[in-house]
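A.B. asks: Quick one, fold the following:
(one chain, ligands or ions: 1)
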Amino acid sequence: MTEPLDRTALLARLAEPRTWDLAIVGGGATGLGVALDAAARGFSVVLLEAHDFAKGTSSRATKLVHGGVRYLAQGNVALVREALHERSVLLANAPHLAQRLPFVVPAYRLWDQPFYGIGLKLYDALAGARGLGATEWLSAARTAELLPGVMRSGLNGGVRYWDGQFDDARLAVLLARTAAARGALLLNHVPVTALKRDAGKVTGLSARDAETGRVFHVAARCVINATGVWVDAVRDMDRDPGTPARAPMVAPSQGVHLVVDRRFLPGTHALMVPKTSDGRVLFAVPWLGKTVLGTTDTPRDDLQIEPRPLPAEVDFILGEAARYLERAPTRADVRSVWVGLRPLVKPSGDDGENTKSLSREHTVLVGRSGLVTVTGGKWTTYRAMAEDVLERAMERGVLPRRAGGATVRLPLLGAAAGRPLAEPPGEHGYGSEAEVVRRLPGAANWLWRDAESGRGGLSEAMVRFAVRHEMARTVEDVLARRCRLLFLDAAEAARQAMPVAALLSEELGRAVPTAEFVELAKAYGTAP
Ligand SMILES: Cc1cc2nc3c(=O)[nH]c(=O)nc-3n(C[C@H](O)[C@H](O)[C@H](O)COP(=O)(O)OP(=O)(O)OC[C@H]3O[C@@H](n4cnc5c(N)ncnc54)[C@H](O)[C@@H]3O)c2cc1C
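C.D. replies: Below you'll find the predicted structure:
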């Protein structure tokens, strides 16, 4: 059901005097997953996002739908098994935005091939019937054939295995729209500014429409804090005046990705380096017509909405790429750099709250006030995390009991087999909704076409669809998260700011600024 979503009507619903079953703070993978699951179980749901859906960590992933080979190396079999299950659920429910992808591990030392091959066979075994393809040992010639561009000198062979990839920000918007189609009320650009408390219990929240400054008061039986690395700021809103601040739950660490042209790694396979010079995993992944290289893991003590890379992180990624690619990209070849913050959860504090790690990856905490905080985890497991959150809220009596499993077979809007995500973005990314896009004005008017491939691009109709159906409000909403141009080619995204703003103005009936976005694109386009 491709219904337009009109902001004035959505804000009018937010102003209605009523008590919602759930009010969710944060519109990343975690909050959106909870919104969809709760709406699918018949709960009334409101979700408020301070910026745009997936503006935080959820647009800055490596874009892998994966069981996590590295967790297998750590012996965390339960975690891998759960993620492999979720991988198959996501690929089935959103085949236009999440697909299987072959990976090759090139082997340069004699023992690399048997070592990684056996590990990856175990990965297959854990996936069982949900496996996406069998792991194979490859000769050196076959490795070079599947990974054109791989460093041939010293290549002994390789191992091919299968995992998944996706478009994170578009998936987030799709989760929001699918939840809205099930009756949930979701709004972007509405930061939550305070929690409402009565007799020590959280009973709702206050929020402000960033566009008009209008303040809203929302009553809810259960408030979920799904603000990723920012959960401690919301937990701090749940504090008696005069009492000391709680120990923070989250220690952020940042991950940098560099995007370069496909010519550095042409072909359809991703390259996986299981052990970099500093002992971590590195990927080179074909994605939307480009190659994504990443990532890093650097502790941070600030929580900016737009974190920037350190020169040493860029050096590290380029240095590793030079070890594995025949033609090593340089700083001048970098089309875009983006940085995501990982919420690493600290061990339980001693403030009397009950912290329960449902897995090593994500943590759900129900405060004495009834505030439910969830953080950590990964995109791949957002659906299982949502089930955990609702289970915990029901367990603690914050929500009435309703059976789970509602989202296991719940196709997202437009679900239809699509072209490979390795290809440049275009109408095919809309699945069965491509028809709706094509019927909008300007379907044949291309603002941008992918120069390297001559295919895909951004049409005027896609911008109109972003405003009418996907809740885009700003140039950045369109060029960063509805179409991923900022993440693919920041200089090109800056060039598109004016034409996109003109279309937004036409659709929204007001002037739309570009200066802030152009500055942002400049930052994304500069590898320090
Ligand atoms: C570098 C990197 C690579 C990754 N790669 C992968 C991968 O390949 N595969 C995978 O499965 N996982 C990956 N992950 C993990 C995955 O991206 C995260 O687990 C997931 O995106 C976290 O989502 P979230 O909703 O919890 O947080 P976020 O996406 O950060 O969402 C929190 C939201 O809360 C909003 N917010 C904050 N304060 C307020 C407020 N007061 N009012 C309203 N809203 C507020 C923020 O604006 C933000 O949008 C990666 C993570 C990183 C850092």
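A.B. asks: Grab the nearest non-local neighbour of the residue most central in space within the chain.
C.D. replies: For the chain, Ser58 is the residue whose C-alpha lies nearest the centre (CA atoms, centre = their mean; 2.9 Å). Nearest residue to Ser58 in three dimensions, chain neighbours excluded: Gly28, at 3.8 Å (CB to CB, 6 or more residues apart in numbering). C-beta here means a position set from N, CA and C on the backbone, and glycine is covered the same way.
A.B. asks: Next up, the contacts around the residue in the stretch 401-528 of the chain positioned nearest to the ligand.
C.D. replies: Going by CB to the nearest ligand atom, the ligand is nearest to Arg481 of the stretch 401-528 of the chain, at 10.4 Å. Residues in contact with Arg481 (CB atoms under 8 Å, 6 or more residues apart in numbering) are Asp52, Phe53, Ala54, Lys55, Ser59, Ala169, Arg170, Ala172, Val173, Ala472.
A.B. asks: Could you export these to CSV, including columns for secondary structure, pLDDT and neighbour count?
C.D. replies: Below are the contacts of Arg481 laid out as CSV (DSSP: H, G, I helix; E, B strand; the rest coil; pLDDT from 0 to 100; neighbours: other CB atoms under 10 Å):
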residue, secondary structure, pLDDT, neighbour count
Asp52, coil, 98, 24
Phe53, coil, 98, 34
Ala54, coil, 98, 28
Lys55, coil, 98, 23
Ser59, helix, 98, 26
Ala169, helix, 98, 28
Arg170, helix, 98, 26
Ala172, helix, 98, 28
Val173, helix, 98, 28
Ala472, coil, 98, 28
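A.B. asks: on that earlier part again, how many residues are close by the residue nearest to Ser58?
C.D. replies: 26 (other CB atoms under 10 Å).
A.B. asks: What parts of this protein come near the ligand?
C.D. replies: Contacts of the chain with the ligand, taken as CB under 6 Å from any ligand atom, map to 25-31, 48-51, 55-58, 60-64, 191-192, 226-228, 230, 234, 255, 295, 340-342, 375, 377-380.
A.B. asks: Relative to Arg152, how far out is the residue lying closest to Leu155 once chain neighbours are set aside?
C.D. replies: Nearest residue to Leu155, sequence neighbours excluded (CB to CB, 6+ apart): Ala140, at 4.7 Å. Using CB to CB, to the nearest Å, Ala140 is found at 8 Å from Arg152.
A.B. asks: again, but for Gly370
C.D. replies: For Gly370, the distance to Arg152 - CB to CB - is 60 Å.
A.B. asks: Those two: who's more crowded?
C.D. replies: Gly370 (20 against 13).
A.B. asks: residues contacting that one?
C.D. replies: So Gly370 contacts Lys201, Val202, Cys222, Val223, Arg396, Val398 (CB under 8 Å, 6+ apart).
A.B. asks: pLDDT score assigned to it?
C.D. replies: On pLDDT, Gly370 comes in at 96.
A.B. asks: Go ahead and list the helix or strand containing it.
C.D. replies: Under DSSP states H and E, no helix or strand contains Gly370.
A.B. asks: how is this structure carved up into domains?
C.D. replies: 7-57+170-249+346-395, 93-165+251-342, 427-524 (automatic domain parsing).
A.B. asks: got those as CSV, with distance to Arg87 columns?
C.D. replies: Putting the domains of the chain into CSV (distance: least, CB to CB, whole Å) gives the following:
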stretch, distance to Arg87
domain 7-57+170-249+346-395, 6
domain 93-165+251-342, 5
domain 427-524, 19
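A.B. asks: nearest to Pro411, of the ones you listed?
C.D. replies: When the domains of the chain are compared by CB to CB, domain 93-165+251-342 sits nearest Pro411, at 5.2 Å.
A.B. asks: just checking, which of the residues of the chain next to the ligand belong to strands?
C.D. replies: Secondary structure from DSSP state E places Val25, Leu48, Leu64, Val192, Gly255, Gly340, Leu341, Arg342, Thr375 of those in strands.
A.B. asks: Return the member of those residues nearest to the ligand.
C.D. replies: Of these, the one sitting nearest to the ligand (CB to the nearest ligand atom) turns out to be Gly255, at 2.4 Å.
A.B. asks: Wait, the closest one touches Trp338, no?
C.D. replies: No. Counting by CB atoms under 8 Å, Gly255 does not reach Trp338; the two are 9.3 Å apart.
A.B. asks: out of the two, which sits in the more crowded spot?
C.D. replies: Trp338 (25 against 21).
A.B. asks: what's near enough to touch the residue of the stretch 51-200 of the chain found nearest the ligand?
C.D. replies: Nearest residue of the stretch 51-200 of the chain to the ligand, counting by CB to the nearest ligand atom: Gly56, 2.5 Å away. Residues near Gly56 by CB under 8 Å, 6+ apart: Gly26, Gly28, Thr227, Gly228, Val229, Trp230, Ile305, Leu341.
A.B. asks: from the chain's centre, how far out does stretch 371-389 sit?
C.D. replies: Average the C-alpha atoms of stretch 371-389, do the same for its chain, and the two points are 13 Å apart (CA atoms, centre = their mean, to the nearest Å).
A.B. asks: quick one: contacts for Leu138?
C.D. replies: Contacts of Leu138 by CB under 8 Å, 6+ apart are Val104, Leu146, Gly157, Gly158, Val159, Arg160.
A.B. asks: Arg368 is in contact with Val202, isn't it?
C.D. replies: No. With contact defined as CB under 8 Å, Arg368 does not count as touching Val202 (9.8 Å).
A.B. asks: Could you check which of these two is surrounded by more residues?
C.D. replies: Between Arg368 and Val202, Val202 has the larger neighbour count (other CB under 10 Å), namely 24 against 13.
A.B. asks: Give me the below-cutoff pLDDT ranges for this protein.
C.D. replies: Where the chain drops to pLDDT under 70, the residues are 1, 348-360.
A.B. asks: And the strands in the stretch 151-300 of the chain?
C.D. replies: 157-166, 185-187, 192-198, 201-208, 215-225, 250-261, 270-273, 282-287, 290-294, 298-299 (DSSP state E, counting those that start in this stretch).
A.B. asks: Could you count how many residues lie near Pro244?
C.D. replies: 7.
A.B. asks: what about it, distance to Asp302?
C.D. replies: Taking CB to CB, one finds Pro244 at 22 Å from Asp302.
A.B. asks: of the contacts of Leu138, closest to Arg438?
C.D. replies: Leu146 (35.0 Å).
A.B. asks: Now for the residue lying closest to the closest one once chain neighbours are set aside: which residues touch it?
C.D. replies: Spatial nearest neighbour of Leu146, chain neighbours left out: His269 (4.8 Å); criterion: CB to CB, 6+ apart. Contact analysis of His269 by CB under 8 Å, 6+ apart lists Leu101, Pro102, Phe103, Val104, Leu146, Leu147, Arg160, Pro286.
A.B. asks: got a list of what the closest residue to His217 other than its chain neighbours touches?
C.D. replies: The spatial neighbour of His217 that comes closest, neighbours along the chain excluded (CB to CB, 6+ apart), is Ser206 at 5.3 Å. Ser206 is in contact with Val192, Thr193, Ala194, Leu195, Lys196, Val215, Phe216, His217, Val218, counting by CB under 8 Å, 6+ apart.
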